[in-house]
Each structure stands twice: as C-alpha cells, then as structure tokens.
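Enquirer: Model the following, please.
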Amino acid sequence: MNLAGKHRKIVCVLLVIILILPFINISYADGKFDVRAKSAILLDFNSGEIIYEKNHHDKLPPASITKIMTLILTMESLEQGKIKLDDEVTISSNASGMGGSQVYLEEGETQTVENLIKALCIRSANDASVALAEHIAGSEELFVNMMNKKAKELGMNNTSFMNSTGLPNESHYTTAFDISIMSKELMKYPKVHEWLTTYMMDIKVGKKKDVTQSMVNTNRLIKDYQGANGIKTGSTNEAGYCLSASAKRGNLQLICVVLGSETSKIRFEESKKLFDYGFANYDSYLIGKKGDILGKISVHKGNKPYIEAILEKDAYILIPKGSSNKVEKEIVLPEYKDAPIDKGEQIGELILKINGKDADKIKIISKEAVEKASFIDMFRKMFRSLLNNE
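Expert: Next up is the predicted model:
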C-alpha cells in the first residue's frame, strides 16, 4: 500500500533510537563453514532474516518434509471449523495402501482427526497423511491442488507438490528456502507444537482397535537438543536424509532446513551445528507486541471520532550478539482516515531499521471497525460542535 499516495499528509513519523552500541556490520555464516548436505538454510523465525544458506533455491525432492504443508492445511481447516479434532475418519483403501512409513491403518477402520495428526507428526505416517487429505478435500488429488495453491499464496515459488506424503515423483520438488517459508507458517499454530514435541506414544489401530502401534518421534532433536520444538524429518533414496527443524531459546527462535544428507546421523549433526551457530551469535530483540497501541487517527465521516492504531503482530529484530548495531523504528500513520474502516484494516506501518537500512516492515492496523456516519450521527456531531462553540 502506498501510504503517502493514499493520504494527503503524514503526521505521525517517529524516529526512535532503540539501541546504540559500537557500530559493527552484521555478518552471516556464509563461507565460514560448510554443511554436509545438498542444500541448507538457517533463519530467524520472527524476522525471516537468513543467517546461513547453501544452495537454498535448488529444487530437490523433500520426501516427508512435504507433510508440513499437509499439516498447515489441516490446522487451517481446524481453525476455520471445517473439521474437528474428534471427527471420525473412515480409512479408505487408498490411504491404507500407502507404502513407506505408516501406522498400518486398516481399510474401513475409523480414527479421529487428532489421532491421525499424531501419527503424522510422530511416526510420519503416510497412511494417516492421506486419510487427513481425503477427509479435508474429498480426495488426495483435490488436496494436492489445495497444497499447491497454498504454496503460491505463501510465496513458495519453486515448489510443486504431487502428493500429500512426499513419496517419490519426479515432478514433486521444493527448495530449502520454500520449506523454511512453510515451516514458519506451520509454527504459527500453537496447538501443533504439542504434537510435534511428543516423543513417544501409542495408538490403537484396526477395525477392532486390537493392535497397538508404539510411535517414536522421527525427529531426534526433540529429545537431544535444548529448545527443539519441531518440525519434520524425511528420507527416500531420491531425497537422501532431510530435516526441517525449529528451536527456541528466550526470544530467539530459529528455523533450520537440511536437504540431501548422506545419512540420518549427518542431518541431525548438521542441524545442531547450524542451531549452535545461530544461538551463539545472535539475539532477537522485541520492539513491540501484537496489539500495542501506536497512535490515534481521526476519522472523517464516521460514527466514531477516531480509531486506535495497533501492531498486527509482534515486532522483533535480529541482532548479532555483542554488536547490537543502531536499531531504529519509524512509525508511519496518516493524518486521518475516511469511514468506513474495517477491523484489522491496514492504516500504517512500523518500519524497523538497522544502521539506517530497512530490516522489516510490520503492518499497523485498525483496532476496531468504524461505520460510515448516518445523517443522524452527522446532525448530532454538528449539534455538539455548536454547543461547544457556545
């Protein structure tokens, strides 16, 4: 949105120095060490700032990391009320016939959506993934269309999904960068953290529920790495050993993606190495919280005289430890806004800068809706104005 062009005057432009410490340029890990993988990326969850990358735009098979998108659409459907955790899903022959990693669901048995999510998150079960896809969209084919549509919406421009599981297909590919985008999107759902961080649990399967499947999380970092809170492993002969992982310590949450390692051990070792580098060298500073009021804007021709301008989301900035360069914030708001105004409508932006260069932009939105004033509202306003003048 071109704020300057939309409004005749900008009246709230504040430049506030948050931190001023000795000037040191931000430097990243590129070239300082190598990662034993075909492709890798490490980035800050809050700002999206890339800390390390290796061939991060190369198109590669992602194996079961694909299921991150399956989970995103599942969480989205839950949030929208299209499905519920206690929905009973009847397992199709297509779902039960999936090869690879599975919990051996039987055709005709029923499982709750929540149990299928657990099987997907912990065991990386292909049969559970397909069952969820069919429950949400009606068929896996239609669900794959949803996956590709969502990928485009998120800006995953080098991704093509052909199934909901990640089973090999030459037209099924993505990149470490695109995986980091969908990993960030999934981690926005607090509920999913509960399942991603469950290390062990049992599930009853079969029509009679007479078989117990003991599931152990395929992501070893959940048990072995401090702060690990997800996300998804993957491996096939074509893809090698892959991992998209998340870890959080204090304000700093990092997303790490490693694709095409030669062994399972290597993918975890290299992910730990990337996380160790990130946590040792960077901090995340909170600039403002979601819902913080940053100003009041006059409303013209509305049933309310003004609206409060609030932050759409938490505002963080990534800073190298020990150097915390000069950090500034610039709040840009219009002098006034014409009614009607929707709740959550963008009315400005918070610009975060490091050493004078833009680092991030966060939307400033309307805290509430304002309707266009009726004739009676306008008359009352005029009457009150006349009284006040007296």
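Enquirer: all contacts plus neighbour counts: C-alpha atoms, from now on.
Expert: OK.
Enquirer: List the residue ranges of this protein that fall below the pLDDT cut-off.
Expert: Scanning the chain with the threshold set as pLDDT under 70 gives 1-32, 323-325, 374-390.
Enquirer: By residue count, what's the longest helix in it?
Expert: Taking DSSP state H as the criterion, the chain has its longest helix at helix 264-281.
Enquirer: What is the helix or strand just after that helix packed up against?
Expert: Later in the chain than helix 264-281, the nearest helix or strand by DSSP states H and E is strand 282-288. Under the contact criterion of 3 or more Cα pairs under 8 Å, 6 or more residues apart in numbering; DSSP states H and E, strand 282-288 touches strand 252-261, strand 315-320.
Enquirer: Tell me which of those strands is the most buried.
Expert: Comparing the helices and strands packed on strand 282-288 by mean neighbour count (mean count of other Cα atoms under 10 Å), strand 252-261 ranks first with a mean of 27.
Enquirer: any residues touching the longest helix of the chain, and which ones?
Expert: 35-37, 42, 51-52, 220-221, 225, 241-243, 245, 247, 249, 252, 254, 256-259, 261, 320-321 (Cα atoms under 8 Å, 6 or more residues apart in numbering).
Enquirer: before we move on, what about stretch 349-359?
Expert: With contact meaning Cα under 8 Å, 6+ apart, stretch 349-359 is reached by 311, 317, 325-333, 360-364.
Enquirer: buried residues in it?
Expert: 349-354, 359 (16 or more other Cα atoms under 10 Å).
Enquirer: how long is it end to end?
Expert: 13 Å (Cα to Cα, to the nearest Å).
Enquirer: Please apply the same query to stretch 132-150.
Expert: Terminal residues of stretch 132-150 are spaced 16 Å apart (Cα to Cα).
Enquirer: Just give me the closest of the buried residues of stretch 349-359 to Met69.
Expert: Each of those was checked against Met69 using Cα to Cα; the closest is Ala359, at 27.6 Å.
Enquirer: Would you mind pointing out the helix or strand that closest one falls in?
Expert: Judged by DSSP H and E, Ala359 forms part of strand 357-366.
Enquirer: and that strand, which residues are buried?
Expert: 359-366.
Enquirer: Likewise for stretch 113-127?
Expert: Neighbour-count burial for stretch 113-127 [16+ other Cα under 10 Å]: 113-127.
Enquirer: likewise stretch 87-101?
Expert: 89-92, 95-98, 101.
Enquirer: CA atoms of it as CSV?
Expert: Extracted in CSV, the C-alpha atoms of stretch 87-101 (Å, rounded to 0.1, in the frame of the first residue of the first chain):
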residue,chain,number,x,y,z
ASP,A,87,-14.2,-36.1,13.7
GLU,A,88,-14.3,-39.9,13.0
VAL,A,89,-12.4,-40.5,9.7
THR,A,90,-13.1,-43.8,7.8
ILE,A,91,-9.9,-45.1,6.3
SER,A,92,-10.0,-45.7,2.5
SER,A,93,-8.3,-48.4,0.6
ASN,A,94,-6.1,-45.7,-1.0
ALA,A,95,-4.9,-44.5,2.5
SER,A,96,-4.4,-47.9,3.9
GLY,A,97,-2.4,-49.0,0.9
MET,A,98,0.3,-46.3,1.2
GLY,A,99,3.8,-47.7,1.4
GLY,A,100,6.8,-46.3,3.3
SER,A,101,6.4,-45.1,6.9
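Enquirer: Leaving out chain neighbours, which residue sits closest to Ser246?
Expert: Closest residue to Ser246 apart from its sequence neighbours, by Cα to Cα, 6 or more residues apart in numbering: Ile255 at 4.6 Å.
Enquirer: correction: Leu116
Expert: Using Cα to Cα, 6+ apart, the closest residue to Leu116 is Ala128 (5.0 Å).
Enquirer: Looks to me like the one you found is in a helix.
Expert: Yes - counting by DSSP: H, G, I helix; E, B strand; the rest coil, Ala128 is located in a helix.
Enquirer: What's the separation between Pro320 and Ala119?
Expert: In terms of Cα to Cα, Pro320 sits 39 Å off from Ala119.
Enquirer: nope, His193 is what I was after
Expert: 14 Å.
Enquirer: Kindly report the same for Gly295.
Expert: 47 Å.
Enquirer: what's around Pro340, how many residues?
Expert: For Pro340, the count of nearby residues is 16 (other Cα atoms under 10 Å).
Enquirer: Touching, it and Lys372? I think so.
Expert: Yes - using Cα atoms under 8 Å, Pro340 is in contact with Lys372, at 4.8 Å.
Enquirer: Sounds good, over and out.
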